[in-house]
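Trainee: Coordinates for the following, if possible.
(one chain, ligands or ions: 1)
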Amino acid sequence: MGAPRDDILFVQHGPPTLAEMSGAEVRQRLETTKTVLIPVGATEDHGPHLPLGTDSMEAREICRRTAQRLESRGCPIMIAPVVPFGTSSFHMDFAGTISISSTTLIALLSEIAGSLYKGGFRNFVFVHGHDGNLSSMMVAAQEIVDATPDAQAVVCNWLAALSAVYHTIQTSTKGEGHGGEGETSRLLVTHPELVHPELAEPHHIDPAVMARIQGPEHIKAGGGIYYGTRSYRDVTPYGHIGDPTIASPETGEKGYDVIVEWLSKVIQRDFFAKDSASNADS
Ligand SMILES: [Zn+2]
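Mentor: Numbers count the residues shown, from 1 in each chain. Predicted structure coming up:
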């Protein structure tokens, strides 16, 4: 046993989420925007080379970069604190994973949006870091719209946009999935101190099985089919799928750029376009 760690684990760049802003700062910001991004992450195993909070860190980073990009285009937004738990039932065979039920997640997201609504927010953008949360996010989005006369809510599944061009971004010619080249590359951009590709084994799975987990037919990748997922332990003894050893920050930057540009365009169109039917912020 060494001495208790007291080192700097990682550095977080702004813009801040609501958790790092004062109430006065939020109220002042509400005069220029009523749109809030809600990052929805997870605490789940990603293989021996990535932290359990990988999905939460990605969700926050996507929101952070999107806020910056939209601000530069004259479209101010705010960011809610990242929700660190999600529905991760199929990672429960790996220690440290925390999974909450879909009903708990729906209630949590619905109440987060409801609280923010009472404070004056009107446009809610749910952004996932873990695609297992998407169905609950959609229900919560509908609930906040049903519960109020004027809230708008949208769930943005950036994975579909990324999947369409991913073959041009990844260097691997094999299937890269959970904790693989892409996700490890994105973490290398923001949290290099927490990433250890040298501890990981490349692990590719049967392409037919891979297709059911995240192939183009899968609803999360933009297709029309959803397969329930049994334990990841059945397909990977390590917890990840793909080759993290070839991950790089350059690949991560390319991935973030696709995600953030797509998300920014959706938000700009839906909440800031001059001819939008809705828009509180325009
Ligand atoms: Zn992940």
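
Trainee: May I ask which helix or strand encompasses the closest residue to the ion within the stretch 1-150 of the chain?
Mentor: The stretch 1-150 of the chain approaches the ion most closely through Asp55 (4.2 Å), counting by CB to the ion. To be clear about C-beta, it is placed using only N, CA and C from the backbone, and glycine gets the same treatment. Using DSSP states H and E, Asp55 falls within helix 54-72.

Trainee: and that helix, what does it pack onto?
Mentor: Packing contacts for helix 54-72, counted by 3 or more CB pairs under 8 Å, 6 or more residues apart in numbering; DSSP states H and E, involve strand 35-40, strand 78-79, strand 123-128, helix 181-190, helix 249-271.

Trainee: Just the C-alphas of that helix, formatted as CSV.
Mentor: Extracted in CSV, the C-alpha atoms of helix 54-72 (Å, rounded to 0.1, in the frame of the first residue of the first chain):
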residue,chain,number,x,y,z
THR,A,54,-15.9,7.2,-19.5
ASP,A,55,-19.4,7.8,-20.8
SER,A,56,-20.1,10.6,-18.3
MET,A,57,-16.8,12.3,-19.3
GLU,A,58,-17.7,12.0,-23.0
ALA,A,59,-21.2,13.3,-22.5
ARG,A,60,-19.9,16.3,-20.7
GLU,A,61,-17.2,17.0,-23.3
ILE,A,62,-19.7,16.8,-26.1
CYS,A,63,-21.9,19.3,-24.3
ARG,A,64,-18.9,21.5,-23.5
ARG,A,65,-17.7,21.6,-27.1
THR,A,66,-21.2,22.1,-28.4
ALA,A,67,-21.7,25.1,-26.0
GLN,A,68,-18.5,26.7,-27.3
ARG,A,69,-19.4,26.1,-30.9
LEU,A,70,-22.9,27.5,-30.5
GLU,A,71,-21.7,30.5,-28.5
SER,A,72,-19.3,31.3,-31.4
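
Trainee: The chain should start at 53 in everything you say after this.
Mentor: That works, and once the first residue is 53, the last one we named lands at helix 106-124.

Trainee: What strand or helix carries Glu77?
Mentor: Per DSSP H and E, Glu77 falls inside helix 75-82.

Trainee: now that helix against strand 87-92, angle please.
Mentor: Computed by axes from the mean of the first three to the mean of the last three CA atoms, to 10 degrees, the angle separating helix 75-82 from strand 87-92 equals 120 degrees.

Trainee: And for helix 75-82, what's in contact with it?
Mentor: Here helix 75-82 makes contact (CB atoms under 8 Å, 6 or more residues apart in numbering) with Leu70, Met73, Pro128, Met130, Gly171, Gly172, Phe173.

Trainee: Which pLDDT value belongs to the first one?
Mentor: So the one you mean is Leu70. Listed pLDDT for Leu70 reads 98.

Trainee: Name the residues of the protein found near the ion, please.
Mentor: For the chain, the residues in contact with the ion (CB under 5 Å from the ion) are Thr106, Asp107.

Trainee: Show me where the chain dips below the pLDDT cut-off.
Mentor: Counting by pLDDT under 70, the chain contains low-confidence ranges at 53, 327-334.

Trainee: Tell me who's in contact with whichever residue of the stretch 203-334 of the chain sits closest to the ion.
Mentor: Of all residues in the stretch 203-334 of the chain, Glu235 sits closest to the ion, at 5.2 Å by CB to the ion. By CB under 8 Å, 6+ apart, Glu235 lies in contact with His98, Leu102, Thr106, Glu110.

Trainee: run the last query once more with 7 Å
Mentor: Going by CB atoms under 7 Å, 6 or more residues apart in numbering, Glu235 touches Thr106.

Trainee: what do you get for Gln120?
Mentor: Pro67.

Trainee: Of the helices and strands packed on helix 106-124, which is nearest Thr118?
Mentor: Counting by CB to CB, Thr118 lies closest to helix 301-323 out of the helices and strands packed on helix 106-124; the figure is 4.9 Å.

Trainee: Many thanks, have a good one.
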